[in-house]
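[1] Provided below are the primary sequence and the corresponding predicted coordinates.
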Amino acid sequence: MKTLNRRGFGLDLGLALAAAVLLPATKARADDLDVHIDNFVFQPAELKLKVGTTVTWTNRDDIPHTVVSAGKFRSKTLDTDDKFPFTFTDAGDYKYFCSLHPHMTGMIKVE
Amino acid sequence: MSGHEHGDDGVSRRKVLECMTWAGTGVLWTITGGVPRSLGIIDSAQAATTAAPGMSFLQISDSHVGFDKPANPNALGTLEEAVGKINAMPAKPSFMIHTGDITHLSKAAEFDNAERIIAQTKLDVHYVPGEHDFIDEEVKLYRERYGRGTKGHGWYSFDAGGVHFIGLVNVVDLKAGGLGNLGAEQLAWLDDDLRGKSKSTPIVLFAHIPLWTVYPEWGWGTEDGGRALEQVKGFGSVTVLNGHIHQVMQKVEGNVTFHTARSTAFPQPAPGSAPSPGPMKVEDAKLRSMLGVASVNFKQNEQRLAIIDTPLQG
């Protein structure tokens, strides 16, 4: 559910969670998003989000993958369970792919 | 049957015989795939009868040294077993080719471990890189170790036993949504490399990702592979070897035989038979039947090149 003060709410919730289960506060913003790599597929394959949002990719395959958007961002090679966070500071469409398995593609739409 | 149709046994035989006539030597190695499977092409063609020794080389692929997941927690160990098989072969091959993914994560220690084990064969090894060998930050470990004397990202050719071998690199500069890639520079080099070669020279092309389209949904093919194949299709005998898909597959198209090798590390599923091409966990007892090496025999005056896939076990 979207609210006007969602970010502030998220931060408060994050701090509460951090206190409760010792999660790092940086992971707790409610509008930050996750993409998982399972079975050579980015899931979800497409995300719509607001400027300032951080997306964290996690590779859950037994094979390394990368997350690359030409000229925009490029992760290191992610081994199993490695993560790559990226904060989107500009609006636009970000097509991305795995440079090792280029049939794997995804899209981030930032508004 | 018309002699102008593709995929017809008679055509292949005729083309081969044309090549022999053209070469004027009466001696020709021809290449058809597959022992023990008979592919039914130019089986019965007979060449002239000068006795000559055969030549054999070995293909090893997808060692993935450093891989330690459930599909095979000890990929270095199974590479060692493969090397044991090689050392036990009754006839020592002339040399070996490695069709890439030597390592899993392009780490220096993985390259060191692979080299230490493979060196136990005491064979010359000709490498091409897999995508897993090119993932260090500066993409230099493979090139520093194996790239000497090669062009571009590591392509080269050499001659052995009257056969022209060409090692290609199709794991660089991959495009979103695409397959493997050779690139214009490499294709131009290939054109130069083949210029002036007698059409009766047997050609062996080897690369990591299949140069032919095996299963595009999993990226198992090379975007511009057809352009390389176009350049060799006039030759009487062409064999294309690759790894990457960790299973044996063969195809014959005209005078071109395609053959993929098993991995020494872990099996991958048949196209479309699983949610992804990732490592396939099988029963421990079955693993070694799905890993192995391939030996390739040329025998002068016999109309076939025999590719024998040997599993580690069973």
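    Yep, that arrived. Residues are numbered from 1 along each chain as shown, chains lettered A, B, ... in the order given.

[2] For the spatially most central residue of chain B, which residues are in contact?
    The C-alpha lying nearest the average C-alpha coordinate of chain B belongs to B:Leu241 (Cα atoms, centre = their mean; 2.2 Å). Listed by Cβ atoms under 8 Å, 6 or more residues apart in numbering or on different chains, the contact partners of B:Leu241 are B:59, B:97, B:99, B:204-207, B:259-261, B:294, B:296. No exception for glycine: its C-beta is placed from N, CA and C like everyone else's.

[3] so B:Glu253 bridges to which residues?
    For B:Glu253, the beta-bridge partners under DSSP bridges are B:Val256.

[4] Run through the residues that contact the nearest residue to A:Leu100 once chain neighbours are set aside.
    Of all residues not flanking A:Leu100 in the chain, B:Glu131 sits nearest, at 4.7 Å (Cβ to Cβ, 6 or more residues apart in numbering or on different chains). By Cβ under 8 Å, 6+ apart, the contact list for B:Glu131 reads A:100-101, B:100-101, B:171, B:174, B:208-209.

[5] where along chain A do the helices fall?
    Ranges of helices within chain A are A:6-21, based on DSSP state H.

[6] And the stretch 1-150 of chain B, by the same measure?
    Listed in chain order, the helices of the stretch 1-150 of chain B (DSSP state H, counting those that start in this stretch) span B:9-23, B:75-87, B:108-118, B:141-146.

[7] name the helices or strands packed onto the third one?
    Here helix B:108-118 touches helix B:75-87, helix B:141-146, going by 3 or more Cβ pairs under 8 Å, 6 or more residues apart in numbering or on different chains; DSSP states H and E.

[8] What are the buried residues along it?
    By 16 or more other Cβ atoms under 10 Å in any protein chain shown, the buried positions in helix B:108-118 come out as B:110-111, B:113-114, B:117-118.

[9] can you check stretch A:101-111 too?
    A:101-108, A:110.

[10] can you redo those residues as a markdown table with distance to B:Asp192 and pLDDT?
    What follows is the buried residues of stretch A:101-111, written out as a markdown table (distance: Cβ to Cβ, whole Å; pLDDT from 0 to 100):
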| residue | distance to B:Asp192 | pLDDT |
| --- | --- | --- |
| A:His101 | 31 | 96 |
| A:Pro102 | 28 | 95 |
| A:His103 | 31 | 95 |
| A:Met104 | 34 | 96 |
| A:Thr105 | 35 | 97 |
| A:Gly106 | 39 | 98 |
| A:Met107 | 40 | 98 |
| A:Ile108 | 43 | 98 |
| A:Val110 | 46 | 97 |
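
[11] Which of those residues fall within strands?
    Applying DSSP state E to these, the entries found in strands are A:105-108, A:110.

[12] what's stretch A:62-73 in contact with?
    Contacts for stretch A:62-73 (Cβ under 8 Å, 6+ apart): A:37, A:40, A:57, A:59, A:74-80, A:84, A:86, A:94-101, A:104, A:106, A:108, B:67, B:69-71, B:104-105, B:132, B:135, B:176, B:278-279.

[13] Restrict those residues to the buried ones and give me that as a ChimeraX selection.
    Buried subset of the contacts of stretch A:62-73, written as a ChimeraX selection, criterion 16+ other Cβ under 10 Å:
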select /A:37,40,57,59,75,77,78,79,84,86,94,95,96,97,98,99,100,101,104,106,108 /B:67,69,71,104,105,132,135,176,278,279
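
[14] Can you tell me which of the contacts of stretch A:62-73 end up in strands?
    A:37, A:57, A:59, A:74, A:84, A:86, A:94-97, A:106, A:108.

[15] Residues of the stretch 201-314 of chain B that sit close to chain A?
    Within reach of chain A by Cβ under 8 Å from any Cβ of the partner chain, the stretch 201-314 of chain B has these residues: B:216-219, B:275-279.

[16] Now that we have those, which of them are buried?
    Counted by 16+ other Cβ under 10 Å, these give B:218-219, B:276-279 as buried.

[17] Between which two of those residues is the distance greatest?
    B:Gly219 and B:Pro279 (15.5 Å; Cβ to Cβ).

[18] which among the buried residues of stretch A:101-111 gets closest to B:Ala91?
    Of those, the one sitting nearest to B:Ala91 (Cβ to Cβ) turns out to be A:His101, at 38.4 Å.

[19] which secondary element of chain B has the worst mean pLDDT?
    helix B:9-23 (a mean of 38; mean pLDDT, DSSP states H and E).

[20] and chain A, which residues reach chain B?
    A:39-41, A:61-64, A:66, A:68, A:70, A:76-77, A:79-80, A:95-97, A:99-103, A:105.

[21] for B:Leu211, what are its contacts?
    Contacts of B:Leu211 by Cβ under 8 Å, 6+ apart are B:168, B:170, B:180, B:205, B:222, B:225, B:228-229, B:240, B:242, B:258.

[22] mind listing which of the residues you listed are in helices?
    Using DSSP H, the contacts of B:Leu211 in helices are B:225, B:228-229.

[23] any chance of those in a markdown table, plus neighbour count and distance to B:Ile307?
    Listed next are the ones in helices among the contacts of B:Leu211 as a markdown table, based on neighbours: other Cβ atoms under 10 Å in any protein chain shown; distance: Cβ to Cβ, whole Å:
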| residue | neighbour count | distance to B:Ile307 |
| --- | --- | --- |
| B:Gly225 | 24 | 19 |
| B:Ala228 | 23 | 20 |
| B:Leu229 | 19 | 18 |
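
[24] pLDDT weak spots in chain A?
    Within chain A, the stretches with pLDDT under 70 are A:1-30.

[25] And for chain B?
    Where chain B drops into low confidence, which here means pLDDT under 70, it does so at B:1-53, B:299-304.

[26] the strands in it, which residues?
    B:55-60, B:95-98, B:125-127, B:156-160, B:163-167, B:203-207, B:238-242, B:250-253, B:256-260, B:292-298, B:305-311.
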